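K.L.:
Pasting the sequence and the predicted model now:
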Amino acid sequence: AIALNPDVPMSTGKAAAQSGHAAQLLLMQGRKKDVAAWLEAGARVHIARDTPWSKCVKRATVAVRDAGFTEVPPGTMTAIAWIVR
């Protein structure tokens, strides 16, 4: 699952890029057995929209912190991701 920070205004392109970064970080940093199971199941992605951000943050395995070159200040947490079991 991926969640975008609702307190950070982003263009559609920025949101898509941050979501992609979150998925990539999850592939690289997630527990190997969880990532393998996710890939085996087709690597489906769910965008968490109806869950409060604070609950999503508690579940997160990885967080994307922006470099600040475009739309948001450096270090801003833009997206998070976790493997749904």
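P.N.:
Here it is on my side, so go on. Quantities reported herein were computed from a predicted structural model and do not represent experimental measurements. Numbering: from 1, shown residues only.

K.L.:
So which elements touch the helix or strand hosting Ala22?
P.N.:
Secondary structure here is read from DSSP states H and E; on that basis Ala22 sits in helix 12-29. Contacting helix 12-29 under the criterion 3 or more Cβ pairs under 8 Å, 6 or more residues apart in numbering; DSSP states H and E are the following elements: strand 2-4, strand 62-65, strand 77-81. For the C-beta atoms, the positions are set from N, CA and C on the backbone; glycine is no exception.

K.L.:
ok, now which ones touch Lys14?
P.N.:
Lys14 makes contact with 70-72, 78 under the criterion Cβ atoms under 8 Å, 6 or more residues apart in numbering.

K.L.:
now do Pro74
P.N.:
By Cβ under 8 Å, 6+ apart, the contact set of Pro74 is 66-68.

K.L.:
at 6 Å what do you get?
P.N.:
With contacts defined as Cβ atoms under 6 Å, 6 or more residues apart in numbering, Pro74 is in contact with Gly68.
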